[in-house]
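*Asks:* what's the 3D shape of this:
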Amino acid sequence: MNKIISKLIFVCIAWTIASTAYADPDKDQTVLGDYFKNRFPGVALEEYANGAYSFDSIGRESWEAIEEFPPYEIFVDDGQEMWETPFANGKGYKDCFANGPAIAQNYPHWDKKKSMVMTLPLALNNCREANGEKPLKYKKGSINNLLSYVTFQSRGNKTNVVVPKDDAGAMAAYEEGKAFYFTRRGQLNMSCASCHIQNAGNMIRSENLSMSMGHTTHFPVYRSKWGTVGTLHRRFTGCNKQVRAKPFKAQGQEYRNLEYYLTYMSNGLELNGPGARK
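*Replies:* Residues are numbered from 1 along each chain as shown. Model (predicted):
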């Protein structure tokens, strides 16, 4: 009976969020937040940033033990070196980001001049290219060092993504990201919401499925499966492959808009990246 009720609630929230054209992003977040409060009544909102470890006590013990000697530390250190090393022209990242490296809470954001969603990795590469440096790859490699340092410096800051309601382009990007999240795809005919809203808290193989709110707070993330740190768009790619759907290009419009919607759903939650997951 509980499973039937849960499924009915999911259908209601999916219809409320996904079917309303140009809905209010604040209302979307409220509806989603109320759903998770009902599904996980004993979990405090701030705990959502810890994903499945917010309700998986056994997994949390292992995770907390790993965090005592975090596997991402070396990437943070290498990222700091990258941030502090001048480019060939003598300038550096600090010349592009006047407020210093603690900036992750402000991304992604709507870039009105470019009429597109600007993500942190894209902004970092724009800085490099503006100073005559080659761009970094978007899923693996050095981009993760730089992101690890920036997000580590941003820890404790609250996610603060803005969707200007008076900007049709920004609203369209948000709506496209939302539609992506609820659209079924691939041979398994599953959406992002199938796992991380409808089945949040349920087991898939040996893992608990985390809730969608809080998903973006801990990226980039060190995954034991990867043996290294990877970006959010690398994870998007993996999810698409798992449902047997063709993935999109990292930092392409589809994933940037998806990140815009998904990060907005985590507004108000503290950043705790880089993270460590299975």
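
*Asks:* Could you tell me how many residues sit around the nearest residue to Lys246 once chain neighbours are set aside?
*Replies:* Take Lys246 and drop its neighbours on the chain: the residue closest to it by C-beta to C-beta, 6 or more residues apart in numbering is Asn240, 7.0 Å away. The C-beta positions use only the backbone N, C-alpha and C, and glycine is treated the same way. If you count neighbours by other C-beta atoms under 10 Å, Asn240 ends up with 18.

*Asks:* What of Leu269?
*Replies:* 22.

*Asks:* and what of Glu129?
*Replies:* Glu129 has 11 nearby residues by other C-beta under 10 Å.

*Asks:* need the contact list for it.
*Replies:* Residues near Glu129 by C-beta atoms under 8 Å, 6 or more residues apart in numbering: Pro135.

*Asks:* Work out for me the element it sits within.
*Replies:* In the assignment (DSSP states H and E), Glu129 maps to helix 120-130.

*Asks:* Which is the succeeding secondary structure element to that helix?
*Replies:* That would be, after helix 120-130 and using DSSP H and E, helix 142-153.

*Asks:* Residues touching that following helix, excluding its own?
*Replies:* 72, 75-80, 82-83, 93, 100-104, 120-121, 124-125, 136-137, 219-220, 228-231, 271, 273-274.

*Asks:* In strands, which of those residues appear?
*Replies:* 228-230 (DSSP state E).

*Asks:* so which of these comes closest to Gly201?
*Replies:* Gly230 (24.2 Å; C-beta to C-beta).

*Asks:* wait, isn't the closest one in contact with Lys140?
*Replies:* Yes - the criterion here is C-beta atoms under 8 Å, and Gly230 meets it with Lys140 at 6.6 Å.

*Asks:* Helices of the stretch 1-150 of the chain, start to end?
*Replies:* 2-18, 25-39, 57-68, 73-84, 93-96, 120-130, 142-153 (DSSP state H, counting those that start in this stretch).

*Asks:* among these, where is the model least confident on average?
*Replies:* Lowest mean pLDDT within the helices of the stretch 1-150 of the chain: helix 2-18, at a mean of 53.

*Asks:* Worst mean pLDDT across the helices and strands of the chain, which element?
*Replies:* Least confident helix or strand of the chain, by mean pLDDT, DSSP states H and E, is helix 2-18 with a mean of 53.

*Asks:* Any of the ones in strands among the contacts of helix 142-153 buried? List them.
*Replies:* 229-230 (16 or more other C-beta atoms under 10 Å).

*Asks:* Please work out how many residues are found near Cys96.
*Replies:* 14.

*Asks:* sorry, that was for Leu188
*Replies:* 11.

*Asks:* ok, for it, nearest residue in space, not its chain neighbours?
*Replies:* Val243 (4.4 Å).

*Asks:* residue contacts, the one you found?
*Replies:* Residues in contact with Val243 (C-beta under 8 Å, 6+ apart) are 185-190.

*Asks:* again, 6 Å this time
*Replies:* By C-beta atoms under 6 Å, 6 or more residues apart in numbering, Val243 lies in contact with 186, 188, 190.

*Asks:* Would you list the phi and psi of it?
*Replies:* With angles defined as degrees, to the nearest 10, Val243 sits at phi -100, psi 10.

*Asks:* distance of it from Phe236?
*Replies:* 12 Å (C-beta to C-beta, to the nearest Å).

*Asks:* in the particular helix or strand that has Thr237 in it, what counts as buried?
*Replies:* Using DSSP H and E, Thr237 sits within helix 232-242. For helix 232-242, burial by neighbour count (16+ other C-beta under 10 Å) applies to 232-237, 239-240.

*Asks:* how about these in JSON lines, adding distance to Ser194?
*Replies:* Putting these into JSON lines (distance: C-beta to C-beta, whole Å) gives the following:
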{"residue": "Leu232", "distance to Ser194": "19"}
{"residue": "His233", "distance to Ser194": "20"}
{"residue": "Arg234", "distance to Ser194": "20"}
{"residue": "Arg235", "distance to Ser194": "16"}
{"residue": "Phe236", "distance to Ser194": "15"}
{"residue": "Thr237", "distance to Ser194": "17"}
{"residue": "Cys239", "distance to Ser194": "11"}
{"residue": "Asn240", "distance to Ser194": "13"}
